[in-house]
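Asker: for reference, the sequence and a predicted model appear below.
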4 protein chains.
Amino acid sequence: MAGNSFGSIFRLTTFGESHGRALGGVLDGCPAGITLDIDAIQNELNRRKPGQSAIVTQRKEPDTVEIYSGIFEGKTTGTPIGFAIHNTNQKSKDYSHIKDSYRPSHADYVYDKKYGFRDYRGGGRSSARETASRVVAGAIAKQFLNAIEINAFVSQVGDLKLEVPYQQLDFSQIESKAVRCPDMETASRMEDYIKDIKKQGDTIGGIITCVAKNVPIGLGEPVFDKLHAELGKAMLSINAVKGFEYGSGFSGVAMKGSQHNDQFNTDGSTITNLSGGVQGGISNGMDIYFSVAFKPVATVLQSYDTIDKEGNKVTTQGKGRHDPCVVPRAVPIVEAMTALVLADFMLLAKTNKI
Amino acid sequence: MAGNSFGSIFRLTTFGESHGRALGGVLDGCPAGITLDIDAIQNELNRRKPGQSAIVTQRKEPDTVEIYSGIFEGKTTGTPIGFAIHNTNQKSKDYSHIKDSYRPSHADYVYDKKYGFRDYRGGGRSSARETASRVVAGAIAKQFLNAIEINAFVSQVGDLKLEVPYQQLDFSQIESKAVRCPDMETASRMEDYIKDIKKQGDTIGGIITCVAKNVPIGLGEPVFDKLHAELGKAMLSINAVKGFEYGSGFSGVAMKGSQHNDQFNTDGSTITNLSGGVQGGISNGMDIYFSVAFKPVATVLQSYDTIDKEGNKVTTQGKGRHDPCVVPRAVPIVEAMTALVLADFMLLAKTNKI
Amino acid sequence: MAGNSFGSIFRLTTFGESHGRALGGVLDGCPAGITLDIDAIQNELNRRKPGQSAIVTQRKEPDTVEIYSGIFEGKTTGTPIGFAIHNTNQKSKDYSHIKDSYRPSHADYVYDKKYGFRDYRGGGRSSARETASRVVAGAIAKQFLNAIEINAFVSQVGDLKLEVPYQQLDFSQIESKAVRCPDMETASRMEDYIKDIKKQGDTIGGIITCVAKNVPIGLGEPVFDKLHAELGKAMLSINAVKGFEYGSGFSGVAMKGSQHNDQFNTDGSTITNLSGGVQGGISNGMDIYFSVAFKPVATVLQSYDTIDKEGNKVTTQGKGRHDPCVVPRAVPIVEAMTALVLADFMLLAKTNKI
Amino acid sequence: MAGNSFGSIFRLTTFGESHGRALGGVLDGCPAGITLDIDAIQNELNRRKPGQSAIVTQRKEPDTVEIYSGIFEGKTTGTPIGFAIHNTNQKSKDYSHIKDSYRPSHADYVYDKKYGFRDYRGGGRSSARETASRVVAGAIAKQFLNAIEINAFVSQVGDLKLEVPYQQLDFSQIESKAVRCPDMETASRMEDYIKDIKKQGDTIGGIITCVAKNVPIGLGEPVFDKLHAELGKAMLSINAVKGFEYGSGFSGVAMKGSQHNDQFNTDGSTITNLSGGVQGGISNGMDIYFSVAFKPVATVLQSYDTIDKEGNKVTTQGKGRHDPCVVPRAVPIVEAMTALVLADFMLLAKTNKI
C-alpha cells in the first residue's frame, strides 16, 4: 500500500490498524519554533473519540496521544514529530463473524482481492480509526496557522438542512450540541432524528460545511495542485465521503457568468464570494468555504444477506458498537485535513518569488 | 510555482502559457511496448480544440502535437515522452485592455499578488489552454488502459438536465452532437440554450458525467490516495470546476445505510452500485461513475466594473473569442484526467503483493 | 526539516532524537504476503547496538523494536509498518556541557543557525542513533529481497587495508570478529589498532565494502535515479560518510577504455566486472559492489578549544561514551540502506513494460 | 522509466533520446522575478557541446535551446520553464552496426532486458546527450543562486594529477584551456596525453573537482537528504561517473579525529575545512568542495569482441565520433547539477522555521 502520506513539505505519514497495537504517524516538515500546546492536541482528539454522547458509538477508546520526538522545551525543533496512540479497548472477538464473509459496501472484499488477505479485526486499515492520526497532525497544523480560523460544522443530516447562511452562524456554538451544528434548533432536530435512526438499527448520511477565515492571499499551486483540488482530495480521502464542492459548487452550474462573477471592491476584496475564496486555484483573501457529503455508515445493526469468501450466500447479523451517523465525529477530521492543506501551502508560498 | 506534475509513476508534467511560444509536457513512467496510434492522440486534441462548432469559441488554433521522444518504431520505449504544441494564432493584442486591470473571477489578481507580476496575455498559465497537454497525455494513457472504456458526456447545461440514467445511454452518440450529450433531444435543447446565452454575451455552467467500465478490481491506494480522492483532485484541477461527486454523491446523504448498501451477487459483483465502483478507496470491478460541476466562464462579452492595479475603479468591455459554455470542450479533458488517474493506479497495483 | 523519507514506493520515514522518548519510523509500500521473522529484525538491531564489544561505545541501549502495525498472523498485510524503539538509558546530563557551546565538526553549530535552537541532548536528531530505524526497515527489506544476498564488511581502518579481493572472502566469517572484517588476521590487527586509538582518547576512520549477489537484471531507473546514484545517496546519508565509489571507482580513472570494458560471455554475464554490476544505471546481473568512506568520529575524549553561542572561545573536555571507530557498528546500516534501495527498485521494475 | 526528475521544489524533468527529434525539459518551481540572461544559458550549452576543440568529439551539434514558457518580458514568471533542443546532425546510420549486438560496458544489454527492446540510435536515452537539458536548467539555477560561485575543473586525467590545492588556483583560467584545468602547465600535459590516447583509438578516465563559494549557512535537509548526499546522487547520475567524495573524502579515513576536526574561529567559520563545507548534512558557510571520478568512455575505436542478441559471439569495429576523454565536456554538467542541488535547498531552507 502506497499513499499513506499527505502533503509535500508539511507532510503527514500515518500507520495503524483498528485493532493493532497502536496507530500513529510522523509529521515531517513542521517549521521550528512553534510553541506547542499539547493539551490542545489532545483536546482535538477528544472531539473525535467515540463515546462522547448518546448519538455516537459507545465504544470507549481513551485515544491518548504520546509524542515521541520533534519537540524540545515546549517548542517544535524542526525535526519530524513522531507520535502514537495505543489501542486499549479493542474487542476483536466482535469481528470474528466477518472473518470469512464480506460486509456490503465495506472494503472487506476489495482488500482481500488486492492484497490476498486482510486483517479483518475492526476493518483493519480501512477503519476510520486511522483518522485519529490525522487529527493529531491537524491540531499541530492549526497551531502553526495561528491567525487562520478553521471552523467545520454539521450542515445537514439526512434530509434535515441547516438553512442559515454561514455568515450568520455563531461558530462558538458548534461544540454546544453533540451533533456539532451551531444552530440550536436545527441541532436539536438533527439529534432527535439520529436517535430515531439508531433505534431502527440503521444509519444516516450528512453534510459538513467548513469555513476558513483570514487565509492570506496566494496559497495554492495553480495547475494540478490548486488549493481547492488539494482540499477536495483531502476531504475525499476521509472515510465515507462521496462528494465535495466549494464556493457556489453544484448550484453554480445553473448561473450565468454575469451573475456568478465576484465584483471587486477597491481594496481587492470582492463584494460577493461565489468563488469560495479561491480564484484560479489560489486563495484571494476571502473566506474559503466548502461542503463535504458523507454517506450513511455501512454497518447497520440489522440482519443482512451477503457472501462468504467462496461466494456462498450467507445471512449475517450486524453487531458491534457503531455510529448511527458519522458527521458529528467527522467535524474535527474535516478541520484537521483543512489545516494540513493550508499549512503545506503556507510553506510552499514562501518559495514563489525571489 | 510547484504543482505542474500529476501522478506518482505514470506522471505528467506540463508547461506553457496561453500566448507563449509553445505548450507541452513530459509523460514519464509510461511502460515500454505500447503500440501507439498517433492519430488517436491528435484526434483527442481535435475534440478539445476551439472552433469546432457554433457553440464554442471561434478561435482557430490548429493544436498540432509534436512528439519529441519516447517512441521508436511505433512503440513506447519506456523513456519519457516529451511533446509540444506550438502556438500559432495568438492575438495578444486582444488582451492589452486587461494588462493593468483585473478581470472579476479570473486569476489575474491573485497571480499578481502571488508572483509580483504576470503574463497577462490570454490569461498566461491560468488559461485552460494548459489542458491541451493533459489531453495528449490522457490519450496515451487511454491506449495503455486498452480494455478500460472511459466515456464522459454533458449531463447538464444551466438548468437543463439529462434525466436518463447513464446505463440507458448510447455512448457512441456522444460525438453526434456538438454539445456532447448522447441523448439527441436533450442535446438539441442544450445547444439552443447555449446559443441563446451566447447572443446575450453571457455564459452558463454545466455538469459532465464520466463512466469508466471494465476497471479491474484493486485500483487505488486506500488511505490518502483513495481512487475517488485522486479522481476528485484530478477533476478539481480542471479550470472552472466547482464540485465533484461519485456514486450516490450528495444525494446519498439523505439515504439510510440499509438502503445505500450494495448487496453482493455470488460472483462478487453488486446488485446496485451506489458505491460508484469504489469501496474503501479501491475499485471493486463495477462501473466507476462521477459528476463534475463547472461554473459559467468568467469572461462575459458585456461591460463590467472592476479595479486596476492601483485599486481604482474602471469599467471594461469584455471582448475576445470565448466559450459561452465550457462543458462541451471539457469532455475530452475529463476523460484524459480519468485515464491518467487509472493508468497510475494500474502501475501501482503491480506492487501490492509478492 | 524535510527529507526524513527514503524511497519512492518502498518508502521509509523515520523520526526521533537521540535522547527523546522514542525513535522509530513508518515503512510504507511493503508488499503484502511476506512472512516476517521478527527475531531476524531484532537481530539486525542487535548488530548495530552499542556495548557489543570492547572496540565500540560502552553505552547500554537495549534497542528493542516494537512493531505497531502492518503485520497480521505473521505476514505483512500491505499496510504501513509502524514501529518504535523506546529510549531507556539516555544520560542527558552528560551533554549539559555542550548546551551552550559547539563541538567542532559536529552539527551543533549549523542546527542552531538553521532552526534557531536545537535539542542538544546527545546530538538530538543529528545523532547516528537515527540509523536504528533504518536497520529495522532494512531488515524487513532483506526478507522481501529473499534470494538477494547483501554482505557488508570492514575493509579498512585507518591505514590498515584488507588486501584480499572480496571474491576470496568467506562472508560467513564477518560476524566472527568484533570489527566485522572477514579476514581473521587483518581483523585482529584492526582491533588492536582501534584499542590503541581508544586509549589515546582519539578516534579513527575506516571503509566499509558491500557486495550484493543475485541481483536480478533490470533494477535502477536510468537517468537521475540510476541504481548506483541511489546507492550513493543512501550511503552518503549515513552519519560520518565522506565518499562512495562502486565498481572500479576512483581507480578506474587511470584506466583506458580498452582495459576497463567488461567483455561479455555468451550468456550475457561479463568476464570482468569493473562496472560493479551496474551499466547505464541498471543492474546487469553481476555482483554489485561498492565502498563507503567514513571519517573519524568527531567526539574525542580529549580537551579541545571551541566557541560558545556568543562566539567566545572556550576550552572543553570531551566526555561521554563514544565509538573510537564507527565502521564496525555501521556494517548493518550499510546493509540496511542497500536493502532499502534494492527493494524500492524491485517494485519499480514491475512497472517497466506492459 | 521513472526517475527523469530531479529536485523537490526547484525540480527538473528531462526527456529526449540521442537521435530523436528533440530533447529538452521542464524546470518547475523556479521562483518568479529572476531577470534571465538567455545568452548565458546558451553559453553554458556551448561549453558542453561537441566539436569545441581537438580533444573532444568532432560531432557538430549546434545545440540551440528554445525556451517555450515561463519567461515574460525578460523575467521568470514563476510558471514552469519548458525548453527544447532540436536534434539536427544525427547520423543514425553510424549505429546500424550495433542494432543487433551489445557494446561492452554500455547500457545496450540492460535496456533490452529491462524494456524488451531499445532505441539503439546513438545510445538512445542512455546517451550523455541527455545532459544538455541539465545544463540548460543548471544555467537558470546559477542565475537564481546569484552570489554563490560554482566552479568545476579537471583535476586529473588518467594518472596525471593537478597537485595544486584549489585555494591557489585562478578559476578565471578554467576556460583558457580546452581540457578545463586552470593550471596551464598541467593542462598542457593533460591535453597532450588525451591526444595520444585518441591516436590509439582508445579512451581515458579523469576526475573533476568542484568548488562552491559563498553558500549560505543552513542548506541541506539533515537526514536522508543531506546536502552532500544530494550532491553525491546528482554527480553519480551523470554518465560514466564511478565515485564521489567531498571534503577530506577517502583520504579522511586514515586520519584521527583530533586531526580531522575543524576548529572554530570566533565568527563561526573554521580554521581548516576538512568537512568540505558541510556538517551533519548542512552547509556551514565554508567552501563546499568535492571530486567526481569518471571512467574511460566505453566506446573505443578499435576492434572488439562481443555478443549479439542471440548470444552469438561477434567481432565489431568501434566507429563514430566519440570523446577520447569525457571530463573536459563534463565540467559544465557538474556545475549544472551542483547549481540544481543548491537552488532546491535554497528554496527548502525558506521553510525551516517560523
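Answerer: Great, that's in hand. Keep in mind that what you see is a predicted model, and the values were worked out from it rather than measured. Numbers count the residues shown, from 1 in each chain, chains lettered A, B, ... in the order given.
Asker: residues near the nearest residue to residue A:19 once chain neighbours are set aside, how many?
Answerer: Distance criterion Cβ to Cβ, 6 or more residues apart in numbering or on different chains; nearest residue to residue A:19, sequence neighbours excluded, is residue A:121 at 3.7 Å. The C-beta positions use only the backbone N, C-alpha and C, and glycine is treated the same way. Residues lying near residue A:121 (other Cβ atoms under 10 Å in any protein chain shown) number 21.
Asker: what about residue A:121, distance to chain D?
Answerer: 34 Å (Cβ to the nearest Cβ, to the nearest Å).
Asker: residue contacts, the residue of the stretch 251-354 of chain A found nearest chain B?
Answerer: Residue of the stretch 251-354 of chain A nearest chain B, by Cβ to the nearest Cβ: residue A:280 (2.5 Å). Listed by Cβ atoms under 8 Å, 6 or more residues apart in numbering or on different chains, the contact set of residue A:280 reads A:222, A:226, B:106-107, B:110-111, B:126, B:239.
Asker: so how far is residue A:129 from the residue nearest to residue A:19?
Answerer: Distance from residue A:121 to residue A:129, counting by Cβ to Cβ, to the nearest Å: 11 Å.
Asker: what sits in contact with each of the two?
Answerer: With Cβ under 8 Å, 6+ apart as the test, residue A:121 and residue A:129 both reach A:17-18.
Asker: what residue in the stretch 51-200 of chain A comes nearest to chain D?
Answerer: residue A:78 (5.9 Å).
Asker: quick check: bridge partners of residue A:245?
Answerer: Beta bridges link residue A:245 to residue A:291, residue B:243, judged by DSSP bridges.
Asker: contacting residues for residue A:242?
Answerer: Per Cβ under 8 Å, 6+ apart, neighbours of residue A:242: A:205, A:293-295, B:245-250, B:252-253, B:276.
Asker: go again using 7 Å as the cut-off
Answerer: Contacts for residue A:242 (Cβ atoms under 7 Å, 6 or more residues apart in numbering or on different chains) come out as A:293, A:295, B:245-249, B:252.
Asker: over to residue A:288?
Answerer: A:212, A:215, A:276-278.
Asker: what's the ChimeraX line that selects buried ones from those residues?
Answerer: Here is the ChimeraX command that selects the buried residues among the contacts of residue A:288 (16 or more other Cβ atoms under 10 Å in any protein chain shown):
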select /A:212,215,276,277,278
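Asker: inside strands: which ones of the contacts of residue A:288?
Answerer: Among the contacts of residue A:288, the ones falling in strands (DSSP state E) are A:212, A:278.
Asker: reformat the contacts of residue A:288 as a markdown table; add distance to residue A:66 and pLDDT.
Answerer: Shown next, in a markdown table, are the contacts of residue A:288 (distance: Cβ to Cβ, whole Å; pLDDT from 0 to 100):
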| residue | distance to residue A:66 | pLDDT |
| --- | --- | --- |
| A:212 | 29 | 98 |
| A:215 | 32 | 98 |
| A:276 | 38 | 98 |
| A:277 | 36 | 98 |
| A:278 | 37 | 98 |
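Asker: so what's the residue count around residue A:237?
Answerer: 24.
Asker: so it makes contact with residue B:228?
Answerer: No. Judged on Cβ atoms under 7 Å, residue A:237 makes no contact with residue B:228 at a distance of 8.9 Å.
Asker: can you tell me which residues contact the nearest residue to residue A:164 once chain neighbours are set aside?
Answerer: Leaving aside its chain neighbours, residue A:164 sits nearest to residue A:183 (5.4 Å; criterion: Cβ to Cβ, 6+ apart). Counting by Cβ under 7 Å, 6+ apart, residue A:183 makes contact with A:162, A:164, A:169.
Asker: hang on, residue A:107 packs against residue B:283?
Answerer: No. With contacts counted by Cβ under 7 Å, residue A:107 stays clear of residue B:283, the gap being 11.4 Å.
Asker: scan chain A for its longest helix.
Answerer: helix A:327-349 (DSSP state H).
Asker: ok, that one near chain D or not?
Answerer: Yes. Helix A:327-349 lies within reach of chain D by Cβ under 7 Å from any Cβ of the partner chain, at residue A:347.
Asker: tell me what angle that helix forms with helix D:327-349.
Answerer: Taking axes from the mean of the first three to the mean of the last three Cα atoms, to 10 degrees, one finds helix A:327-349 and helix D:327-349 inclined to each other by 130 degrees.
Asker: counting by contacts, list what helix A:327-349 packs against.
Answerer: Contacts defined by 3 or more Cβ pairs under 7 Å, 6 or more residues apart in numbering or on different chains; DSSP states H and E place helix A:327-349 against helix A:38-48, helix A:131-145, strand A:149-157, strand A:206-213, helix A:227-236, strand A:288-294.
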